[in-house]
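Asks: Quick check, what structure comes out for this input:
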Amino acid sequence: MNVFSGKTALLDFYNPDKNPPLPLVELPSHPFEGDNVRIYAKMLTLLPAGNVKSLPGGFIFASTPEKLTILPRIVEYSSGNTVISLGIVSKIMGGPQVGAYISNKTSPQKMELLRFFGLDLTLFGGPAQVEPADVNGGIYAAIQDGCGPVGIIPVNTRAHRQLPKINIFAAAVGTSGTMTGTGSYLKTVRPDMVNLGPPAYDLVQTVDLPWQEVIDAAEHVSSKDSYRISLEFRSSGAFICCDQPYQYISDYFTKLDSSYFPPIYNTELLDKDLYPYGVDWILSPSDAFRLLYPAHGLQTPPTSPTELEELKDIQEPLIHAHAMVIDLRSQNDFKRAHIPGSKNLDIQCSGSKNPFKNPGILAELWEVLRQALVPGTKDMSNKSVLLVSYNEEIAYVGCSVLRKEGVKAFALGGGLRSGKRQV
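Replies: Numbering: from 1, shown residues only. Take a look at the predicted model:
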């Protein structure tokens, strides 16, 4: 059992030297099997932060603890795992707040993910893919903000020198900083190093870093093709080794059309029935009676809708001033039988089918109820509203609509059947 305890438990948990080796998983099938090539994937997604970026981040902070305590703030132009890892590790090691400088075109889902991990966000307009030298961009702003007296951490560059014995270095070319910097250094200490870089051609045309002089092979790929091919990898059982894809999921659906993904059924519900439900909103006839007639003299409240309706022939008790009954059935059925003192609101589409088992009916019903009930909510303020229909499910949908507007609404369990003297 791998146990971390004591005051340094979290620090130890994030320390790779105090963890067992990560799993190596062999790819059972690949194009180079005929050449006796065996490919193993190191599962860096199983690191505590879920991605490899926490390792250099932790190394930097652990190597300069004196600077970590006096830094007013840490900034990074990143909307992905780099800045998330910096934020996590800084908190664990007692460091300062970490902020992400990002494009204002970053998806809302990705912004929410960054804020979930405690990062403050600074937005920048203009091109989403900026050059480091662009004085209007977020990279330049992050560099300027980091140029204070304690802003330079030299171990950042030294961390790249602690590498295992490798002869191939591959990295995607975005702003080309990773490939240009790391690739250049590796070539100086290991001339036989092969640098592989798949650049997104539409993003690197204006980059002025000498990445083309560093790479030994390049495969130019468009943004759409990149997303499409990675999606095909996923469909073939491929997995990601270095980090997680979750902050990029929405980008796939932006770059690729719906034909690349499995269908969604019952799409009529995507923009209907959007409000929450409460399990205690459906009342039994007994509980409904107590809600409507709290001061009535009956010792035993009715146990069925029929018993409650029969009160009309005896006394027709008055509904409490702070209660209201809205009957959603047709006018004809309302005239045949209804709870004394209730108001009829014929929504003309409910019928007697269970809407939760009929998505089309539910979508139509929700919209009709929203248009019929919401305008009258001013008259329902400070009142408990009992909704009645042919079944409890129809009234339950109405409760969801009214509760969204702040009305304390309930549904009569069992409902009222057409033509019967029931409540």
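
Asks: OK, contacts around Leu55?
Replies: Neighbour list for Leu55: Pro16, Leu47 [criterion: C-beta atoms under 8 Å, 6 or more residues apart in numbering]. No exception for glycine: its C-beta is placed from N, CA and C like everyone else's.

Asks: What pLDDT is listed against Glu307?
Replies: What the model reports for Glu307 is a pLDDT of 53.

Asks: from here on, count from 49
Replies: From this message on, residue numbering opens at 49, which makes the last subject Glu355.

Asks: show me where the stretch 199-348 of the chain has helices.
Replies: Per DSSP state H, counting those that start in this stretch, the stretch 199-348 of the chain carries helices over the ranges 203-207, 225-237, 249-252, 259-262, 271-283, 297-303, 333-340.

Asks: I'd like those helices laid out as a markdown table, including distance to Arg418.
Replies: Shown next, in a markdown table, are the helices of the stretch 199-348 of the chain (distance: least, C-beta to C-beta, whole Å):
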| stretch | distance to Arg418 |
| --- | --- |
| helix 203-207 | 55 |
| helix 225-237 | 51 |
| helix 249-252 | 44 |
| helix 259-262 | 55 |
| helix 271-283 | 37 |
| helix 297-303 | 28 |
| helix 333-340 | 24 |
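
Asks: Would you double-check that Gly174 falls in a helix?
Replies: No. Counting by DSSP: H, G, I helix; E, B strand; the rest coil, Gly174 falls outside a helix, being coil.

Asks: For it, give its distance to Tyr294.
Replies: Look at Gly174 and Tyr294: by C-beta to C-beta, to the nearest Å, they are 27 Å apart.

Asks: likewise Met91?
Replies: 16 Å.

Asks: Same drill for those two, tell me which one is more crowded.
Replies: Ranked by neighbour count (other C-beta atoms under 10 Å), Met91 and Tyr294 place Met91 first, with 15 against 12.

Asks: Torsion angles phi and psi at that one?
Replies: The phi and psi values for Met91, taken as degrees, to the nearest 10, are phi -80, psi 80.

Asks: Not counting residues beside it along the chain, what's closest to it?
Replies: Nearest residue to Met91 in three dimensions, chain neighbours excluded: Pro71, at 4.8 Å (C-beta to C-beta, 6 or more residues apart in numbering).

Asks: Please verify my assumption that the one you found contacts Leu94.
Replies: Yes. Between Pro71 and Leu94 there is a contact at 6.7 Å, judged by C-beta atoms under 8 Å.

Asks: quick one: contacts for the residue nearest to Met91?
Replies: Pro71 sits next to Lys90, Met91, Leu94 when contact means C-beta under 8 Å, 6+ apart.

Asks: so what's Gly174 closest to, chain neighbours aside?
Replies: For Gly174, the spatially nearest residue (C-beta to C-beta, 6+ apart) is Asn184, at 5.6 Å.

Asks: Against Pro76, how distant is the one you found?
Replies: From Asn184 to Pro76 the distance is 49 Å (C-beta to C-beta).

Asks: So these two - more neighbours on which side?
Replies: Neighbour totals were compared for Asn184 and Pro76, and Asn184 leads with 12 against 8 (other C-beta under 10 Å).

Asks: contacting residues for the more buried one?
Replies: Contacts of Asn184 (C-beta under 8 Å, 6+ apart): Phe172, Gly174, Val178.

Asks: Closest one to Met372 out of these, please.
Replies: Set against Met372, the nearest of those by C-beta to C-beta is Phe172 (53.0 Å).

Asks: Next up, the contacts around the closest one.
Replies: Counting by C-beta under 8 Å, 6+ apart, the residues that Phe172 touches are Tyr149, Ile150, Ser151, Asn152, Val178, Asn184, Gly185, Gly186, Ala189.

Asks: If any of those are buried, put those into a ChimeraX selection.
Replies: Only the buried members of those enter the following ChimeraX selection, criterion being 16 or more other C-beta atoms under 10 Å:
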select :149,150,151,178,185,186,189
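
Asks: Check the contacts of Phe172 and tell me the two furthest apart.
Replies: For the contacts of Phe172, the farthest-apart pair by C-beta to C-beta is Ile150 and Asn184; their separation is 14.6 Å.

Asks: Pairing partners for the one helix or strand Leu171 maps to, with directions?
Replies: Using DSSP states H and E, Leu171 sits in strand 168-172. Using DSSP bridges, strand 168-172 pairs in its sheet with strand 146-151 (parallel).

Asks: quick one: contacts of whichever helix or strand comes after the strand it pairs with?
Replies: Moving toward the C-terminus from strand 146-151, the next helix or strand (DSSP H and E) is helix 156-164. Residues outside helix 156-164 that contact it (C-beta under 8 Å, 6+ apart): Ser127, Val131, Ile132, Ala148, Ile150, Leu169, Tyr294, Gln295, Tyr296, Ile297, Ser298.
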